[in-house]
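Visitor: Predicted coordinates and the sequence they were generated for:
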Amino acid sequence: MKKLSLVLFLITGLLASCEKETNEPGPLDNGLDTTELLGTWNVVGYEVADGLSITEAEGQRITQQYTSYGKDYDMTFAFNMDPQTAVSNGSYTVVLITTLLGQEYTQEAPAYSLFESTAWEIRDGDIVFITEEKEILAKVMEQTENKIVMTMDYNESLEANGGKITTEGKLTITLER
């Protein structure tokens with residue numbers, strides 16, 4: 001079970017989940033300015049809220065709530081046009097806070113990627129990241145010349161060591177120039 005907890009922690013830190021608040025602003029109504037989107041940005045915020053993780057192994061099922069945030073950012077995120085790719089480089093530290101059976105646990109681990117040369121496009125005023133496995137819709141909540149805030153729903157499953165881990169939540173990423 002300790003191995004599954006470690007796998008869960010590592011997966012959660014590397015994968016994304018999101019934030020949900022009733023006071024959160026809605027997506028941009030007027031769409032994106034693609035020319036302001038292009039170029040290299042610094043990652044200054046990574047936050048997962050309302051996360052839920054379900055681990056199933058050996059006939060057991062463990063459900064954990066979690067939140068996560070980043071710190072010690074040394075990562076860039078580039079929107080390139082030719083070819084149209086999104087690429088992150090560098091690292092940051094993921095702080096994972098889980099709640100299991102009423103107990104809260106905090107762990108930290110390094111993270112090295114958000115996207116590795118992923119195709120992207122603008123669709124209906126949102127950014128869509130296109131991987132071989134799926135499309136990830138990023139709602140742009142704020143965009144200025146020097147800042148982008150985007151949220152993504154997260155739902156991933158991973159099978160490891162004879163078990164299955166499913167995580168979901170809402171990921172918010174903040175980029176600045």
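Guide: Perfect, thanks for sending it. Just so we're clear, the structure is a prediction, and the values are computed from it rather than from any experiment.
Visitor: For residue 166, see how far away the residue of the chain most remote from its centre is.
Guide: Ranked by distance from the centre of the chain (CA atoms, centre = their mean), the top residue is residue 59, with 29.4 Å. As judged by CB to CB, to the nearest Å, residue 59 and residue 166 stand 16 Å apart. All C-beta atoms are positioned from the backbone trio N, CA, C, and that covers glycine.
Visitor: try residue 155
Guide: On the measure of CB to CB, residue 155 and residue 166 end up 8 Å apart.
Visitor: now residue 133
Guide: 15 Å.
Visitor: neighbour-wise, which of those two wins?
Guide: More crowded of residue 133 and residue 166, by other CB atoms under 10 Å: residue 166, with 16 against 7.
Visitor: so the more buried one touches residue 154, yeah?
Guide: No - the criterion here is CB atoms under 8 Å, and residue 166 misses it with residue 154 at 10.7 Å.
Visitor: so after the helix or strand bottoming out on mean pLDDT in the chain, what's the next helix or strand?
Guide: Using mean pLDDT, DSSP states H and E, helix 2-14 stands out as the lowest-scoring helix or strand of the chain, at a mean of 39. Next helix or strand after helix 2-14 toward the C-terminus (DSSP states H and E): helix 34-37.
Visitor: how about the residue farthest from the centre of the chain, phi and psi?
Guide: Main-chain dihedrals, residue 59, degrees, to the nearest 10: phi 70, psi 0.
Visitor: Now do the same contact list for it.
Guide: By CB atoms under 8 Å, 6 or more residues apart in numbering, no residues touch residue 59.
Visitor: Would you mind measuring from it to residue 124?
Guide: 44 Å.
Visitor: now residue 91
Guide: Taking CB to CB, one finds residue 91 at 33 Å from residue 124.
Visitor: Now do whichever strand or helix holds residue 75, average pLDDT.
Guide: Under the criterion of DSSP H and E, residue 75 resides in strand 60-79. Throughout strand 60-79, pLDDT has a mean value of 94.
Visitor: Thanks again, I'm all set now.
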